[in-house]
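> need a structure here:
(2 chains)
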Amino acid sequence: DQQVKQNSPSLSVQEGRISILNCDYTNSMFDYFLWYKKYPAEGPTFLISISSIKDKNEDGRFTVFLNKSAKHLSLHIVPSQPGDSAVYFCAARGDGLIFGTGTRLQVFP
Amino acid sequence: DSGVTQTPKHLITATGQRVTLRCSPRSGDLSVYWYQQSLDQGLQFLIHYYNGEERAKGNILERFSAQQFPDLHSELNLSSLELGDSALYFCASSATGTGMNTEAFFGQGTRLTVV
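Now for the predicted structure:
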């Protein structure tokens, strides 16, 4: 039973354009959500988070949006850069941090 | 550098054997989480310890066990190893188990290969 889902395994975006990564969850008790970025052979790196009492949190080029009624969050990266190419995981705080399966983002020139 | 240290980085062992993976959390962090990542799949939550006590269990097999010691380092014990246990095992730590400061910082992982 996958409580946190990232339905797009991969995304390809041109440099300078917006990248939108999506995440859905099933448990309405989740109250805190996080995005992590992961390069091959490295541990995930924390990127940005949002509390369930907010609907938006912004940090530089990264913005996370939360739609509680739809149980949906998204990560916007603008403008996208080649260095953003990585696997992005969303996570929700429940019993531990529950991760989605990840979306591989490729930013091409 | 996240401040979370995992040893060893690589481990190769035979089926049926037992191994211990070690994690030292960031200084001051009370929570330790263990995750398994197989074949470039998602991160499967195994177990969470907070200040020495088990806080939550995920998809952890009965052949696996973990503990957190008084100095807050943690060990993940994997026994009766099978080929399918080959994976990257990540440890993460956070300051608390709940509350706003729940960002978890990950170690570099231990790559376990069972042959």
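> helix or strand with the lowest mean pLDDT in chain A?
The weakest-scoring helix or strand in chain A, judged by mean pLDDT, DSSP states H and E, is strand A:96-99 (a mean of 82).
> which of the helices or strands spans the spatially most central residue of chain B?
In chain B, the centroid-proximal residue (CA atoms, centre = their mean) is B:Trp34; its distance is 3.0 Å. Under the criterion of DSSP states H and E, B:Trp34 resides in strand B:31-37.
> by contact count, what packs against the helix or strand following that strand?
Next along the chain after strand B:31-37, taking DSSP H and E as the criterion, comes strand B:43-50. Contacts defined by 3 or more CB pairs under 8 Å, 6 or more residues apart in numbering or on different chains; DSSP states H and E place strand B:43-50 against strand A:96-99, strand B:31-37, strand B:53-57, strand B:64-68, strand B:74-78. Where you see a C-beta, it was placed from the backbone N, CA and C, and this is true even at glycine.
> and strand B:43-50 with strand B:31-37, angle?
160 degrees (axes from the mean of the first three to the mean of the last three CA atoms, to 10 degrees).
> in its sheet, what does strand B:43-50 sit against?
Applying DSSP bridges to the sheet, strand B:43-50 is found paired with strand B:31-37 (antiparallel), strand B:53-57 (antiparallel).
> who's in contact with the residue nearest to the centre of chain B?
When contacts are counted by CB atoms under 8 Å, 6 or more residues apart in numbering or on different chains, B:Trp34 touches B:Cys23, B:Phe45, B:Leu46, B:Ile47, B:His48, B:Ile60, B:Ala66, B:Ser74, B:Leu76, B:Tyr89, B:Phe90, B:Cys91.
> number of nearby residues for the closest residue to the second one other than its chain neighbours?
Counting by CB to CB, 6 or more residues apart in numbering or on different chains, B:Gly58 is the residue found nearest to B:Phe45 once chain neighbours are left out, at 3.5 Å. The local packing count at B:Gly58 equals 19, with neighbours defined by other CB atoms under 10 Å in any protein chain shown.
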